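**Student:** output the structure for:
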Amino acid sequence: MAAPQLAPFDTAARPSIASNIVRMEKMLVPVDFSEPCLRVVRHASKFARYFGSEVTVLHVQPATENSARERLESFGQVILEGLSVRRVLLRSSDPASSIVEVAHRDRVGMIFMPTYGASPFRKLILGSVTEKILQQVNWPVCTGVHLDERMRFDRKPIRKIVCAVDRDSHARSVLAWVRDFAGTLGAAVTVVHAITALPDLGRNSWSLQLRRDGEAAVKRQLHELAIRADLHVETGEVTPVVMAALGNTDADLLVIGRSTRSDPFGPIVTNSYSLIRHSNCPVISV
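**Tutor:** You can find the predicted model right below:
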């Protein structure tokens, strides 16, 4: 039987990220039957068991093959045992668009995507489908090189969260999501803001003023959103500053923002792929 085709969706009707905070009833896990995807399934299953979520395992391929349905039905079966699981096979030549459409159609709470780090060369890229999903979808996306290595679900799935933010309008949505997500888990939050001053500024008065202004702006956001969090504001390149914060806090999760139409080039956004590649824990992009 031919795989079902998706109906067009109204992009104007997509909800904002703020209206989807900690809605974890449904999780979407696209798979290509690879080992990285199996690690993603294992990670998603831990979240699903904690939140009581339904998991949709999605496979997209250009043509229908009889073996694809069998592989989909058995993929991660033992890992997902005891969970509410939907397995969806779609025919499409554009996997990224199909994943985005399923996410919006089903109003999922989170999408889990793999990175590909099996070799010295491939660890430098995320994979084209994952990159497209990060660029196109409005829902939180969980990815990272260490998806199934750091998450401890014996007591709490996440104890410490580092949230990296810019001084743009999207930071408010990211912080609001982290506030509610951390509140659900009872996790501690550390907010990190990197001041990417020009190299020749050094530690002069202008550089120090940039740091004070940045710290005041983030503190104002935290106060307005009633967020209790440690705040670290440092001058330097984004990736080293954030990685240092992860190490110092022994964080279980990194949360970063993604591009918006009004603020497409913030430092966190332009460094998002680098942060995902270098993070020693899973990354949720909001």
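**Student:** name the nearest residue to residue 85, sequence neighbours excluded.
**Tutor:** residue 55 (5.0 Å; C-beta to C-beta, 6 or more residues apart in numbering). All C-beta spots, glycine's among them, are computed from the backbone N, C-alpha and C.
**Student:** correction: the previous question concerned residue 41.
**Tutor:** Once flanking residues are discounted, residue 41 sits nearest to residue 76: 3.8 Å by C-beta to C-beta, 6+ apart.
**Student:** please name the residues that touch that neighbour.
**Tutor:** Listed by C-beta atoms under 8 Å, 6 or more residues apart in numbering, the contact set of residue 76 reads 31, 38, 41, 42, 45, 57.
**Student:** out of those, name the ones that lie in helices.
**Tutor:** Mapping the contacts of residue 76 onto helices (DSSP state H) picks out 38, 41, 42, 45.
**Student:** in what helix or strand does the residue nearest to residue 41 lie?
**Tutor:** Using DSSP states H and E, residue 76 maps to neither a helix nor a strand.
**Student:** also residue 59?
**Tutor:** Using DSSP H and E, residue 59 sits within strand 54-61.
**Student:** ok, that strand: who's next to it in the sheet?
**Tutor:** In the sheet, strand 54-61 lines up against strand 26-30 (parallel), strand 84-91 (parallel) (DSSP bridges).
**Student:** the helices in the chain, which residues?
**Tutor:** In the chain, the helices defined using DSSP H lie at 35-51, 66-74, 95-106, 128-136, 170-185, 205-224, 238-249, 267-270, 272-278.
**Student:** wait, what's in contact with the residue lying closest to residue 92 once chain neighbours are set aside?
**Tutor:** Residue nearest to residue 92 in three dimensions, not counting chain neighbours: residue 98, with 4.4 Å by C-beta to C-beta, 6+ apart. With contacts defined as C-beta under 8 Å, 6+ apart, the neighbours of residue 98 are 6, 58, 60, 90, 92.
**Student:** quick one: the fourth one and residue 58 touch, right?
**Tutor:** Yes. Here residue 90 lies in contact with residue 58, judged by C-beta atoms under 8 Å, at a distance of 6.9 Å.
**Student:** list residues touching both of the two?
**Tutor:** In contact with both residue 90 and residue 58: 98, 102, using C-beta under 8 Å, 6+ apart.
**Student:** which one of the contacts of residue 98 sits in the busiest neighbourhood?
**Tutor:** Most neighbours among the contacts of residue 98, by other C-beta atoms under 10 Å: residue 60, with 23 neighbours.
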